[in-house]
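# Please work out how this folds:
(chains A and B)
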Amino acid sequence: MRSRDHRRRWPVTVGTALLGLLLASSSPGRAQQETGFRVEIKAHGYHAPELTVSPGTTVTWINHDDDPHTVTSTDNVFRSAGIDTDETYSYTFTKAGTYEYYCTLHPLMTGKVVVRSGS
Amino acid sequence: MSDPRGVDRRRFLQCMAWTGTGLLWSVAGGVLSSRAIGVGSAEAQSGPATFTFAQISDTHIGFKGAANPDARGTFEGAIARIKALDPRPAFLIHTGDITHGQKAGAFDTAAEALKGTGVERAFYVPGEHDVFADGGTEYLNRFAAGRPGRGWQSFDYAGVHFVGLVNVLGYKAGGLGSLGSEQLEWLERDVAGLSSSTPVVVFAHVPLWTVYPQWGWVTDDAGQALAYLKRFGSVTVLNGHIHQIMQKVEGNVTFHTARSTAFPQPAPGAAPAPGPLKVPVEELRGMLGVREVTYAPGRDRLVVVDASLA
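Take a look at the predicted model:
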């Protein structure tokens, strides 16, 4: 299983995120913790901009910029409201697929979540 | 004046009448000049007169970030600056980002507060902060109800043709500001019947010239709009969005971006990303401001004077 620790920042690349995943999943006694990944929004960018997760994974975006941002699916699958400084938005991906998203305030900001069984 | 250019002509004529029979002074090209204004609506129809209007931009009502802990206070300061202008501006244009993140009630707050300028009429174009959450529904209902199109507009005042363009409703992933084909076709029709000697003022939120594409400070199809305006002898383009003054002259077209009343942004490329710029508190008001624009007959260029809030 995956786990999420709110006190710790998730790594910013997919590779290190997966390493964190392995470490977390090897920890005993954490069965109650929720399943999830975290994407940091800073300097008008999503970090990591590409993420690969298993179906059922919740991804949480947190905005560290002084500007508000959004997480808006290009296919209208999900759409956050404005995410202000230090606010978060979460979405649980239930179906396999590639989900591209962007910020409707700053459309040069783009990201992608790939949902794949066994990821 | 016929639609779609016939935006509230009657009120404009009233506005002209308000100027009365006084002597209007203005600084044009650095030379103080005066002329009698006494013909009111007749002059509005038959020929140009000297007049001024004010530009306010990027008020970001609801901003509470560290870059300006008192954005409401600086907004009020901007209103006071406009109220103190002499002569009183004929009207006000707001070049967008009225609100910060389309906060509830912010449009009403802005519009009500701007009445404190004493300027009778305000014209708005939206910024991306005003439309991003609902695709523009609230903005268009509030500021463009009953008008054809999606918020764009034009009107004539004292022989000058004003065009308000909307370049924030076509944002797509990876994209930039854009006007879109429907608006461009409208613009082509809108200016088609005008004499090339008609001074034209275009106002829009995102710059209509390439300021800094890496930060989205550009409108991708602005070139087509400018092509429709190329034959005119005097075109003045007023934008906001970048929260700092920049100017450029290209042929007969003069481009100006305006300061915000809420917070400054970094110069292009001077930071990893755009966004609210924290500066020493004693410098903040000097980086915020409003703008006065004067048109004088016989001069190709309008006189643009920026006033900081310091």
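# counting contacts, what elements does the host helix or strand of B:Glu182 pack onto?
B:Glu182 belongs to helix B:181-192 when assigned by DSSP states H and E. If you count contacts as 3 or more Cβ pairs under 8 Å, 6 or more residues apart in numbering or on different chains; DSSP states H and E, helix B:181-192 packs onto strand B:160-164, helix B:222-229. C-betas here are computed from N, CA, C, even on glycine.
# tell me the most buried of those?
Of the helices and strands packed on helix B:181-192, the one with the most neighbours on average (mean count of other Cβ atoms under 10 Å in any protein chain shown) is strand B:160-164, at a mean of 22.
# Just checking: what are the partner strands of it?
strand B:153-157 (antiparallel), strand B:200-203 (parallel) (DSSP bridges).
# Okay, angle between the first one and helix B:181-192 too, please.
Using axes from the mean of the first three to the mean of the last three Cα atoms, to 10 degrees, the inter-axis angle of strand B:153-157 relative to helix B:181-192 is 20 degrees.
# Break down chain A into its strands, ranges please.
For chain A, applying DSSP state E gives strands covering A:36-42, A:45-47, A:50-53, A:57-63, A:72-73, A:88-93, A:97-102, A:110-115.
# quick one: the third one to chain centroid distance?
Read it as strand A:50-53. 8 Å (Cα atoms, centre = their mean, to the nearest Å).
# Give the pairing partners of it; include direction for each.
Paired strands of strand A:50-53, with direction, are strand A:110-115 (parallel) (DSSP bridges).
# Tell me the buried residues in the partner strand?
Of the residues in strand A:110-115, A:110-115 count as buried by neighbour count, 16 or more other Cβ atoms under 10 Å in any protein chain shown.
# nearest to chain B, of these?
Using Cβ to the nearest Cβ, A:Thr110 comes nearest to chain B of the buried residues of strand A:110-115, at 5.3 Å.
# so that closest one bridges to which residues?
Here A:Thr110 sits in beta bridges with A:Tyr102, going by DSSP bridges.
# Where does pLDDT dip in the stretch 201-310 of chain B?
Counting by pLDDT under 70, the stretch 201-310 of chain B shows no low-confidence range.
# residue of it with the smallest distance to chain A?
B:Ala273 (3.7 Å).
# just checking, that residue touches A:Asp66?
No. Assessed by Cβ atoms under 8 Å, B:Ala273 is found out of contact with A:Asp66, at 10.1 Å.
# Enumerate the residues of the stretch 51-200 of chain B near chain A.
For the stretch 51-200 of chain B, the residues in contact with chain A (Cβ under 8 Å from any Cβ of the partner chain) are B:65-67, B:100-102, B:128-129, B:132-133, B:171-176.
# Which of those residues are buried, as a ChimeraX select command?
Restricted to buried positions by 16+ other Cβ under 10 Å, the ChimeraX selection for those reads:
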select /B:65,67,100,101,102,128,129,132,133,171,173,176
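# what's the most distant pair in the residues of the stretch 51-200 of chain B next to chain A?
Across those, the longest distance by Cβ to Cβ is 31.0 Å; it joins B:Ala66 and B:Lys172.
# From chain A, how far out is B:Asp58?
12 Å (Cβ to the nearest Cβ, to the nearest Å).
# can I assume that residue sits in a helix?
No. Counting by DSSP: H, G, I helix; E, B strand; the rest coil, one finds B:Asp58 to be coil, located in no helix.
# Of the strands paired with strand B:160-164, which stretch is the most buried?
strand B:200-203 (a mean of 24).
# in chain A, which ranges drop under the pLDDT threshold?
A:1-35.
# list the contacts for the residue nearest to A:Lys42 when sequence neighbours are not counted?
For A:Lys42, ignoring the flanking residues on the chain, the nearest one in space by Cβ to Cβ, 6 or more residues apart in numbering or on different chains is A:His64 at 4.3 Å. Contacts here follow Cβ atoms under 8 Å, 6 or more residues apart in numbering or on different chains; on that basis A:His64 touches A:40-42, A:85-86.
# make it 7 Å
With contact set as Cβ atoms under 7 Å, 6 or more residues apart in numbering or on different chains, A:His64 has these partners: A:40-42.
# got the residues of chain A near chain B?
Proximity of chain A to chain B (Cβ under 7 Å from any Cβ of the partner chain) is limited to residues A:43-44, A:65-68, A:70, A:74, A:81-82, A:84-85, A:100, A:102, A:104-108, A:110.
# Mind listing residues that contact the helix or strand hosting B:Ala110?
Assigned by DSSP H and E, B:Ala110 falls within helix B:106-114. With contact meaning Cβ under 7 Å, 6+ apart, helix B:106-114 is reached by B:59, B:61-62, B:75, B:79, B:92, B:98-99, B:122, B:138, B:142.
# List the strands paired with the very next helix or strand once past it, with their directions.
Sequence order places strand B:122-124 as the next helix or strand after helix B:106-114, per DSSP H and E. Strand B:122-124 has these partner strands in its sheet, going by DSSP bridges: strand B:92-94 (parallel).
# what comes into contact with the partner strand?
B:53-57, B:82, B:114, B:117, B:119, B:122-124, B:203, B:238.
# Dump those residues to JSON lines, plus distance to B:Ala106.
Formatted as JSON lines, the contacts of strand B:92-94 follow (distance: Cβ to Cβ, whole Å):
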{"residue": "B:Phe53", "distance to B:Ala106": "24"}
{"residue": "B:Ala54", "distance to B:Ala106": "20"}
{"residue": "B:Gln55", "distance to B:Ala106": "19"}
{"residue": "B:Ile56", "distance to B:Ala106": "15"}
{"residue": "B:Ser57", "distance to B:Ala106": "15"}
{"residue": "B:Ile82", "distance to B:Ala106": "19"}
{"residue": "B:Leu114", "distance to B:Ala106": "12"}
{"residue": "B:Thr117", "distance to B:Ala106": "18"}
{"residue": "B:Val119", "distance to B:Ala106": "20"}
{"residue": "B:Ala122", "distance to B:Ala106": "15"}
{"residue": "B:Phe123", "distance to B:Ala106": "18"}
{"residue": "B:Tyr124", "distance to B:Ala106": "13"}
{"residue": "B:Phe203", "distance to B:Ala106": "20"}
{"residue": "B:Leu238", "distance to B:Ala106": "22"}
